[in-house]
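A.B. asks: Starting from these lines, generate the structure:
(one chain, ligands or ions: 2)
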Amino acid sequence: MENNIGNDIQYQIYATMHNPDPNRLPVIHEEWENVAREKLQDGPYYYIAGGAGGEKTMQANLQAFSNQRIIPRMLRNVDKRDLSVRLLGQKYPFPILQAPIGVQSIIHEEGEIGSAKASAEMGVPYIASSASSVPMEKIAEAMGDAPRWFQLYWSRDPEITASFLRRAEKTGYSAIVVTLDTPMMAWREHDLKNVYLPFLAGEGVGNYFTDPAFLAKLDQSPQEDPQSAIMHWTKIFGNTGLTWESIDFLREHTSLPIILKGILHPEDAKLAVEKGVDGIIVSNHGGRQVDGAIGALDVLPDIVAAVGDKTEILMDSGIRRGSDIMKAMALGAKAVLVGRPLMYGLAAAGQKGVKEVMQNMLADLDITMGLAGQSSVSNLEASLLRKME
Ligand SMILES: Cc1cc2nc3c(=O)[nH]c(=O)nc-3n(C[C@H](O)[C@H](O)[C@H](O)COP(=O)(O)O)c2cc1C
Ligand SMILES: O=C(O)C(=O)c1ccccc1
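C.D. replies: Ligands and ions are numbered 1, 2, ... in the order given. You can find the predicted model right below:
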C-alpha cells in the first residue's frame, strides 16, 4: 500500500474545513445507529438492531471487547502499516469481511446490491446470505470480479442445498460459509412484540423463489400464488436434524472451501477440524440466537488454543471500531466479519454509507495500530492485551 489509509481519511476530512459538506454523513458509530433509527420503522429497525431474549449476549459481545485493554508499544517505526491478510490462500487488502446479512430490502432500497458494490469498491469480501432479498446471481453480476463468498442456510430439502451450492460455484463465489447456529429463528422479543417477520411478507426469499429445486415443489409459481410459496419456504428454510455427519454431504456437493460459522465451544472447533473443513467463524450471531451465550471474543482464545494451527479462524459479533479488530486479531483471529455497523450505514445512505463505515473503521484500525507500535495486522500478539476482570 502506498499510503496509510488512516492518515489519508483523516486528511480528507480535515481538508473540508473551509467548505463543509451540508450532507455530511456521521463518523461516530452510535450516530449511524441513530440515523438508522430515525429512518426506519420499528419493525425493520428492531429486526436489525435487536437480539435474542433479554439481549444479554449482545451486551456480552461489547463487554468482551471493552474488557480487553491494549498496552501500546513505543519507538518501533510505524511509517508503514500493513493491513493485508491471507485467507484460504488469497491475499486481501484489509482484515475485514462483510458479515452475511439477509433481507436487506427492509433496510434500504439498494439492499444487497448496494452493500455488495461498496464491498467491491473496497476489496472487502462480501458474504452473500442465503436469505438475501435478491438472487445470488444478481449480486454476483453487480460485483464483477470482486471477491465474494456464499453463506448457506442449510435447507431441510437437500435438493435445495445442493442447488444453492451449484449456483454459488457457477457464479464466482469462492467459499461456502455454513451457518450452524440458526436451525430455527431464536426467541426475539422485539420482533414478536412488533409482529414483524420479513419473510412472511415475501422479503428475503430471492434465492428460493428463483431456485429450480424450490420451484419444482410448488403447484403454482410464487408470482401466481405468493402465499403458498411463502408457506413452503417456512417449511424448508431451517434444518434442526443436522449432525456432524451431515458435513460430508457438503463435501460431496462442492469443491469450494467450507467454513463453519457459529462455533463457540472448543470441542466443536475440534470436531470441525476432524471433519476437515477449511475454516471456522467464532460467532454467536451478534447475540441474535442464544441469549445468555458467551461473548464471542471471550471464547476466542480457548478456540485458538484448541485448533489455532489446524484451521483458519475468523470471528464476528461485536466489532464496532478499529481497536476491536485489533483486539480480535491479537487474540488469534485471521480476520473479522462486521455486521450491524454496515447495516446502519446502508440504512443511512445506501452503498455510500456502507463504504463510508468500512473506510472509517479501517482508518481507525490503521491509526490505532500505528499508535500502539504495530506495523502489521498479521503479527499482532496476545501479549499486546490485558484482560480486566
Ligand atoms: C439483520 C441481520 C441479519 C442477519 N442475517 C444473517 C444471515 O442471513 N446469515 C448469517 O449467517 N448470519 C446473519 N446475521 C448474523 C451476522 O452474519 C453476524 O454474525 C452478526 O451480525 C455479527 O455481529 P455484529 O452485528 O455485532 O457485528 C444477521 C445479522 C443481522 C444483524
Ligand atoms: O436474522 C438473522 O439473524 C438471520 O440470520 C436470518 C435468518 C433467516 C433469514 C434471514 C436472516
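
A.B. asks: got the phi/psi numbers for the closest residue to ligand 2 within the stretch 251-389 of the chain?
C.D. replies: Nearest to ligand 2, among the residues of the stretch 251-389 of the chain, is Arg288, at 4.4 Å (CB to the nearest ligand atom). For the C-beta atoms, the positions are set from N, CA and C on the backbone; glycine is no exception. Here is the backbone geometry of Arg288 (degrees, to the nearest 10): phi -100, psi 0.

A.B. asks: if I look at it, how far off is Ala296?
C.D. replies: 12 Å (CB to CB, to the nearest Å).

A.B. asks: Give me every residue in the stretch 1-150 of the chain lying close to ligand 2.
C.D. replies: Within the stretch 1-150 of the chain, the residues that sit near ligand 2 (CB under 6 Å from any ligand atom) are 102-103, 131.

A.B. asks: Now tabulate these in TSV and tack on secondary structure, neighbour count and pLDDT.
C.D. replies: Output for these, formatted as TSV (DSSP: H, G, I helix; E, B strand; the rest coil; neighbours: other CB atoms under 10 Å; pLDDT from 0 to 100):
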residue	secondary structure	neighbour count	pLDDT
Gly102	coil	24	98
Val103	coil	23	98
Ala131	coil	24	98
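
A.B. asks: Pick the one among those residues closest to Met326.
C.D. replies: Closest to Met326 out of these is Gly102 (28.7 Å), distances taken as CB to CB.

A.B. asks: residues contacting the closest one?
C.D. replies: Contact partners of Gly102, counting by CB atoms under 8 Å, 6 or more residues apart in numbering, are 129-133, 204.

A.B. asks: change it to 6 Å
C.D. replies: For Gly102, the contact set (CB atoms under 6 Å, 6 or more residues apart in numbering) comprises 129, 131, 204.

A.B. asks: The residue nearest to it when sequence neighbours are not counted: what's it in contact with?
C.D. replies: Counting by CB to CB, 6 or more residues apart in numbering, Gly102 lies nearest to Ala131, which is 2.9 Å off, once chain neighbours are set aside. Neighbouring residues of Ala131 by CB under 6 Å, 6+ apart: 102-103, 204.

A.B. asks: ok, 10 Å please
C.D. replies: Counting by CB atoms under 10 Å, 6 or more residues apart in numbering, Ala131 makes contact with 100-104, 151, 153, 179, 182, 198-199, 203-208, 233, 237.

A.B. asks: So which of these reach ligand 1?
C.D. replies: Near ligand 1, by the rule CB under 6 Å from any ligand atom, you find 100-102, 151, 179 out of those.

A.B. asks: Tell me which two of these sit farthest apart.
C.D. replies: Pairwise distances across the ones next to ligand 1 among the contacts of Ala131 peak at 11.3 Å for Ile101 and Thr179 (criterion: CB to CB).

A.B. asks: where do the strands sit along the stretch 151-300 of the chain?
C.D. replies: With DSSP state E, counting those that start in this stretch as the criterion, the stretch 151-300 of the chain has strands at 176-179, 258-263, 279-282.
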